[in-house]
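Novice: Task: produce atomic coordinates for the following.
(2 chains)
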Amino acid sequence: MTDAVVRARGLTKTFGAGETRVDAVANVDLDLAPGEIVLIMGPSGSGKTTLLSMLGGLLRPSAGTIEVDGIDIASLAENDLPRFRARRFGFIFQDFNLLSALSAEENVAVGLNVGGARGRDARERSYDLLRVLGLGKRLSFSPEQLSGGEKQRVAIARAVANDPAVVFADEPTANLDSAHGAETMRLLRQLAKEHDTTVVIVSHDQRLREIADRVLWLEDGRLKAMSALVRDPSCGMLIDPAQARARLHRDGATFYFCSRGCMHEYEEEAA
Amino acid sequence: MSALALPHSVPIARRQLSRRRGTTAAAIVGVAMAILLMLALRAIFAGMEARLTAYIDGTHADVVVAQQGVTTMHMTQSALPRSALAAARATPGVAEADAIIYRAAFLESHAGRRSVVAAVAGGPLPKIVVGRAPRDAEIAIDRGAAEKLGAAVGSSVRIFGTPLTVSGEVEGTAAISGSFAFLSAATLERILHLPSAVSYLLVRGDGSVSPAVLAARLDARIPGATATTRPAFAASERRVVSNMTTGIVRAMTLIALVIGVAVAGLVAYGQALSQLRDYGVLRALGISASRAAALAVSQVAAIVAGGIAIALALLWLMAELLPALSPTLVLAIRRQDLAQAVGFALVVALLAAALPVIRVARLDPATAFRRAK
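Specialist: Got it, this is the predicted structure:
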């Protein structure tokens, strides 16, 4: 992919040393295209948030490169990284992470201030964003006066305020009911397709597969394309065929199982 | 560029402080009390010093002559022969010289109330605000002493065991160390049985020479005497108080410093801890570590600035109200003390901000992705 907005190579994050050494993310290669929605799924502790933090320039990798606009942000000076992050990236957090002392409008304006916009420009842009997101009458509300869905919409407004190239979203639907979750999905989809913004989502929420252009599976710090995974016909779990604990050939097809127990269960049911 | 309110930016620090109004107000009051403790103590001692020299300053003498080696009145004895007065008057450059007798004493009312006074006879009298100057067997006392004794013009008071009638009242000489009382020379000589001795000479020059030159001449012409210019004599008097109070002032300043740092520091650290998630989010959004630290500093600075403002307001209020409550308690607010208080507040702010700033500056922006507990 030549027009990748983000190009990560050999991305590795290691915590600890010696016997306590853990490779949270191991040798990941990843290209992100403009306007693409990439969903990264995987079990808890698989390194999803660590990967997201590194791609977003919040965490320095132990090894590897992350090229954005031809700049390797992994080797960017500590003083330059925040400014780069403010202008090129947006973030959406599971807990919304709005600043509780500020109003909805100010929460968006803060993001704009960090990106360099000031005064009336910042206020007008905040107002426009919140109005488009249906929060025109909630501008002066504090976060605690907003519903979960409204908070997430303010968080999305803040994330996109500086027209970032990439928005990183960590479990964006986790704290929302189904209606607000669907609304958030629609907004993320709209963001990617209408504004050509790349959206990287880390989540357990299967519903997000509906809007994803690409679904990746992260397990033990290693990335796999979801299409390469197969479903255990007994328990329904997605597994890597190469690491399946059991396999069964039947009627010209091969079935992969996460455990021998699942395979026996499947055989008993088939019999 | 202040982080409290960047020009045309959202004033994050101010909003955070106003959101926690109770904590912020408590911190400001705590810091104000610490600064006030230091300022008030210094102002009280400065007031004491000023009152201590109120009499000597009011005489308008150029030179004070005392027994050899004596350069103060309080806590001192001085005796000069009467002949010293004639010698002073005969000194070139002297326009006028008065002899005064000075003795520390207790003034006692009929009801048994007592007040420490410096009994002075001879020399210029301060302005009599009620009644008139004392004649034989009479005494003029300070209004503060009169209030303390429950005495008024016409009342009888005892000094050195002798009853005298209060003829008038002066004001502005009452300090914690006592006040001044004025008698005629004949009365005090009779009471003390000291007809041939005086305590000090108050000398005014004719302007032909400086007070320092006049003092040197008097020193040379009067045997067994020390002549000191009035400002130097007053400074020597003030040192009596400052020598006694320096230790107390230092100790109380240290206590105030500890209180100020503890209050501002605990609140600042508490604020920073409770806002770590906010700081993490701001770091993730793209503010630099130094800007995040500046936010924490500006919160402490705002608390300390508020503390200074309240302390100054309370000090002014005390300076206005205390003399009405107690004539002996006067607060003198000096510029150097105010400057020291501001310096003290800066030290408080720096020390209090240190821990939160380190914590915030070292904050990992990736904490924004950690789940809230």
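
Novice: now the residue in chain A positioned nearest to chain B, nearest residue through space, not along the chain?
Specialist: The nearest approach of chain A to chain B comes at residue A:86, 2.6 Å away (CB to the nearest CB). For every residue, glycine as well, the C-beta is placed using N, CA and C. In this structure, residue A:86 finds its nearest non-sequential neighbour in residue B:286, 2.6 Å apart by CB to CB, 6 or more residues apart in numbering or on different chains.

Novice: did I read that right, residue B:98 in a helix?
Specialist: No: Residue B:98: not assigned to a helix; according to DSSP: H, G, I helix; E, B strand; the rest coil it is strand.

Novice: Settle this for me: it is touching residue B:125, isn't it.
Specialist: No: at 10.7 Å, residue B:98 does not count as touching residue B:125 under the criterion of CB atoms under 8 Å.

Novice: Just want to know which of the two has more residues nearby.
Specialist: Between residue B:98 and residue B:125, counted using other CB atoms under 10 Å in any protein chain shown, residue B:98 has the larger neighbour count: 19 against 16.

Novice: Name the nearest residue to residue B:38, ignoring sequence neighbours.
Specialist: Setting aside the residues directly before and after it, residue B:38 is nearest to residue B:256 in space (CB to CB, 6+ apart), at 4.1 Å.

Novice: Now tell me what touches stretch A:154-161 from outside.
Specialist: For stretch A:154-161, the surrounding residues in contact (CB atoms under 8 Å, 6 or more residues apart in numbering or on different chains) are A:90-93, A:96-98, A:104, A:107-108, A:110-112, A:115, A:125-126, A:129-130, A:133, A:135, A:143, A:146, A:167, A:169, A:184, A:187-188, A:191, A:195, A:197, B:285.

Novice: on that earlier part again, what about the residue nearest to residue B:38, which SS state?
Specialist: Secondary structure, three-state DSSP: residue B:256 is helix.

Novice: burial measure for it, as a count.
Specialist: 23.

Novice: Would you mind listing what in the stretch 201-350 of chain B touches chain A?
Specialist: B:277, B:278, B:281, B:282, B:283, B:284, B:285, B:286, B:287, B:288, B:289 (CB under 8 Å from any CB of the partner chain).

Novice: and the two most separated of those?
Specialist: B:277 and B:288 (18.1 Å; CB to CB).

Novice: List the contacts of the residue in the stretch 251-373 of chain B positioned nearest to chain A.
Specialist: For the stretch 251-373 of chain B and chain A, the shortest gap (CB to the nearest CB) falls at residue B:286, measuring 2.6 Å. Applying CB under 8 Å, 6+ apart, we find residue B:286 in contact with A:82, A:83, A:84, A:85, A:86, A:87, A:89, A:114, A:115.

Novice: Give the buried residues for the helix or strand hosting the fourth one.
Specialist: Same thing as residue A:85. For residue A:85, the host element (DSSP states H and E) is helix A:81-88. By 16 or more other CB atoms under 10 Å in any protein chain shown, the buried positions in helix A:81-88 come out as A:81, A:82, A:83, A:84, A:85, A:86, A:88.

Novice: can you give me the helices for the stretch 51-200 of chain A?
Specialist: A:81-88, A:104-115, A:119-132, A:148-160, A:178-195 (DSSP state H, counting those that start in this stretch).

Novice: nearest to residue A:73, of those?
Specialist: Once those are compared by CB to CB, helix A:81-88 is nearest, at 6.3 Å.

Novice: contacts for that closest one?
Specialist: With contact meaning CB under 8 Å, 6+ apart, helix A:81-88 is reached by A:56-58, A:68-69, A:71, A:73, A:76, A:111, A:114-116, A:162, A:164-166, B:283-289, B:365.

Novice: who are the neighbours of the helix or strand of chain A with the lowest mean pLDDT, in terms of helices and strands?
Specialist: Lowest by mean pLDDT, DSSP states H and E among the helices and strands of chain A is strand A:238-239, with a mean of 76. Here strand A:238-239 touches strand A:230-231, going by 3 or more CB pairs under 8 Å, 6 or more residues apart in numbering or on different chains; DSSP states H and E.

Novice: Adjacent strands (with direction) for the strand it packs on?
Specialist: When sheet partners are counted by DSSP bridges, strand A:230-231 sits next to strand A:238-239 (antiparallel).

Novice: Toward the C-terminus from the partner strand, list the very next helix or strand.
Specialist: Tracing the chain past strand A:238-239, the next element assigned as helix or strand by DSSP H and E is strand A:246-250.

Novice: Chain A against chain B: which residues are in contact?
Specialist: A:49, A:52-53, A:56, A:58-59, A:78-79, A:82-87, A:89, A:91, A:93-95, A:97, A:99-102, A:106, A:109-111, A:113-115, A:118-120, A:122, A:158, A:170.

Novice: And these, which of them are buried?
Specialist: A:49, A:52-53, A:56, A:58-59, A:82-86, A:89, A:91, A:93-95, A:97, A:99-102, A:106, A:109-111, A:113-115, A:122, A:158, A:170.

Novice: ok so, going back, quick one: closest of the helices of the stretch 51-200 of chain A to residue B:337.
Specialist: Among these, the nearest to residue B:337 by CB to CB is helix A:104-115 (40.9 Å).

Novice: Could you list the low-confidence segments of the stretch 201-350 of chain B?
Specialist: B:327-328 (pLDDT under 70).

Novice: so how far is residue B:140 from residue A:203?
Specialist: Relative to residue B:140, residue A:203 is positioned 92 Å away (CB to CB, to the nearest Å).

Novice: mind listing what's buried in stretch A:257-269?
Specialist: Buried-residue list, stretch A:257-269, by 16+ other CB under 10 Å: A:257, A:258, A:259, A:262, A:263, A:265, A:266.

Novice: Using CSV, write down the CA coordinates of it.
Specialist: Taking Å, rounded to 0.1, in the frame of the first residue of the first chain, the C-alpha atoms of stretch A:257-269 are listed here in CSV:
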residue,chain,number,x,y,z
PHE,A,257,-11.0,-26.6,17.5
CYS,A,258,-9.7,-24.5,20.4
SER,A,259,-9.4,-27.7,22.5
ARG,A,260,-9.8,-31.5,22.2
GLY,A,261,-12.9,-31.2,24.5
CYS,A,262,-14.6,-29.0,21.9
MET,A,263,-13.7,-31.5,19.2
HIS,A,264,-15.2,-34.4,21.2
GLU,A,265,-18.3,-32.4,21.9
TYR,A,266,-18.7,-31.7,18.2
GLU,A,267,-18.2,-35.3,17.3
GLU,A,268,-20.8,-36.4,19.8
GLU,A,269,-23.3,-33.9,18.6
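
Novice: Of all residues in chain A, which one is nearest the centre?
Specialist: residue A:201 (2.2 Å; CA atoms, centre = their mean).

Novice: Give me the neighbour count for residue 155.
Specialist: Picking chain A for this. 27.

Novice: wrong one, chain B
Specialist: The burial count assigned to residue B:155 is 15, neighbours taken as other CB under 10 Å.

Novice: thinking again about what came up before, and the buried residues of stretch A:257-269 as TSV, adding pLDDT?
Specialist: Shown next, in TSV, are the buried residues of stretch A:257-269 (pLDDT from 0 to 100):
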residue	pLDDT
A:257	90
A:258	83
A:259	88
A:262	90
A:263	92
A:265	91
A:266	91
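
Novice: Which members of those occur in helices, if any?
Specialist: A:262, A:263, A:265, A:266 (DSSP state H).
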